[in-house]
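Q: A structural model of the following input is requested.
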Amino acid sequence: MSETTRNQPPVAMTVAGSEATGGAGALADIKTFTSLGVFGSLALTCIVAFDPENDWGHRLTPVDQQTLANQLQTISAAYDLDAVKIGMLGSPDTIHTVATAMKDLAPRHLVLDPVLICKGQEPGAALDTDQALKAQMLPLATFVTPNHFESLSLSGMEEINDVEDLKEAAQRIHDSCGATVLAKGGVRLSGPDAVDVFYDGSTLEVLSEPKVGEVPVSGAGCSLAAAVTAELAKGASPLQAARTAKSFVSAGIRHRLGSHLPFDSLWQGGLAAEA
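A: Next comes the predicted model:
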């Protein structure tokens, strides 16, 4: 082994969309990887640019499938990846392209942040996308990080109002797909703490940090899944990866960035600032 490669860092890939302000998506993932000592690579699925002249609504431009496939091929050939994170995919075609590549790659750690978009009243593209994600990506995942709405959808539960409900959701999701689950309660559950539930089929643990306000912060979900990915890439156990990711995100929320946007953004340098 050459001197230049002897002490190289772990390598992770994120497959996600770019959110132009840098608060969420692929940019948040790469910043998280770097902050936690992991070399990050990116296969871009789409570009999101909020519209400041229209209530900061989403403007989304998909990446064409051949370009996406080319990125996945290049990264997979260039590196022996230690972990992969899947973020926003956005269409059945993109899900098919990524799922096909992941079946061939078969990464040891595949962390899925299951970005679901259908609230049950949008037949057509939104429902088709969510069904494709559940059918094609979820079975490939080794670790899943659903938010409150996604936990409802994946578990089949009608409501998640407290920690006991969130525990049941995490267990149901694991039983349905076999993946380790970190179900995020965050600020959605009442009480003084932001609570997430870890379940891997044998260990059930509630992860809790004091809430910083009652309003969600942009990039928290992306960064949590990316932090789990980084820690798994470094060799941490799934439970330790979840614990570290929870601390990382909580610090990022405490040091969140205000702006002209209608929401604050998590800062991935928060944990280092508190060290």
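
Q: Poorly predicted segments of the stretch 51-200 of the chain, please.
A: 118-124 (pLDDT under 70).

Q: Could I get the full set of strands for it?
A: 60-62, 83-86, 110-112, 143-144, 180-186, 193-199 (DSSP state E, counting those that start in this stretch).

Q: Can you say which of those strands is nearest to P10?
A: Minimum separation from P10 across the strands of the stretch 51-200 of the chain (Cβ to Cβ) falls at strand 83-86, 7.4 Å. (C-beta placed from N, C-alpha, C; glycine too.)

Q: for the closest one, the distance to its chain's centre please.
A: Distance, stretch centre to chain centre, for strand 83-86: 9 Å (Cα atoms, centre = their mean, to the nearest Å).

Q: can I get the CA coordinates of it in CSV?
A: Output of strand 83-86 as CSV, limited to C-alpha atoms (Å, rounded to 0.1, in the frame of the first residue of the first chain):
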residue,chain,number,x,y,z
ALA,A,83,-21.6,3.0,3.2
VAL,A,84,-24.3,4.5,1.0
LYS,A,85,-27.1,7.0,1.9
ILE,A,86,-30.2,7.3,-0.2
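
Q: So which residues make contact with it?
A: The contact list for strand 83-86, computed with Cβ atoms under 8 Å, 6 or more residues apart in numbering, reads 10, 12-16, 29, 98, 102, 105, 107-113, 137, 141, 225-226, 228-230, 232-233.

Q: Provide the strand pairings for it, with the direction of each partner.
A: strand 11-19 (parallel), strand 110-112 (parallel) (DSSP bridges).

Q: Turn these into TSV, including distance to F33 and mean neighbour count.
A: Shown next, in TSV, are the strands paired with strand 83-86 (distance: least, Cβ to Cβ, whole Å; neighbours: other Cβ atoms under 10 Å):
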stretch	distance to F33	mean neighbour count
strand 11-19	6	26
strand 110-112	12	27
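
Q: if we can go back for a sec, give me whichever of the strands of the stretch 51-200 of the chain is most buried.
A: strand 83-86 (a mean of 29; mean count of other Cβ atoms under 10 Å).

Q: Would you mind putting the strands of the stretch 51-200 of the chain into TSV with distance to K167 alongside?
A: Output for these, formatted as TSV (distance: least, Cβ to Cβ, whole Å):
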stretch	distance to K167
strand 60-62	35
strand 83-86	25
strand 110-112	20
strand 143-144	15
strand 180-186	8
strand 193-199	5
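
Q: Any idea which of those strands gets closest to P238?
A: So among those, strand 180-186 is nearest, using Cβ to Cβ, at 4.6 Å.

Q: And the closest one, what does it pack against?
A: Where contact means 3 or more Cβ pairs under 8 Å, 6 or more residues apart in numbering; DSSP states H and E, strand 180-186 is packed against strand 143-144, helix 148-155, helix 163-177, strand 193-199, helix 220-233, helix 238-254.

Q: Among these, which comes closest to L72?
A: Across the helices and strands packed on strand 180-186, closest to L72 is helix 220-233 (Cβ to Cβ), at 16.0 Å.

Q: A226 and S208, how far apart?
A: 21 Å (Cβ to Cβ, to the nearest Å).

Q: ok, now R59?
A: The gap separating R59 from S208 is 37 Å, by Cβ to Cβ.

Q: And G270, by the same measure?
A: 18 Å.

Q: Among these two, which residue is more densely surrounded?
A: G270 (21 against 17; other Cβ atoms under 10 Å).

Q: is it true that the more buried one touches A251?
A: Yes - using Cβ atoms under 8 Å, G270 is in contact with A251, at 3.6 Å.

Q: L232: neighbouring residues, count only.
A: Quick note: L232 (other Cβ under 10 Å) scores 30 neighbours.

Q: mind listing what it touches?
A: L232 touches D82, A83, H109, V111, F143, P238, A241, counting by Cβ under 8 Å, 6+ apart.

Q: With respect to D93, which of the strands paired with strand 83-86 lies nearest?
A: strand 11-19 (13.9 Å).
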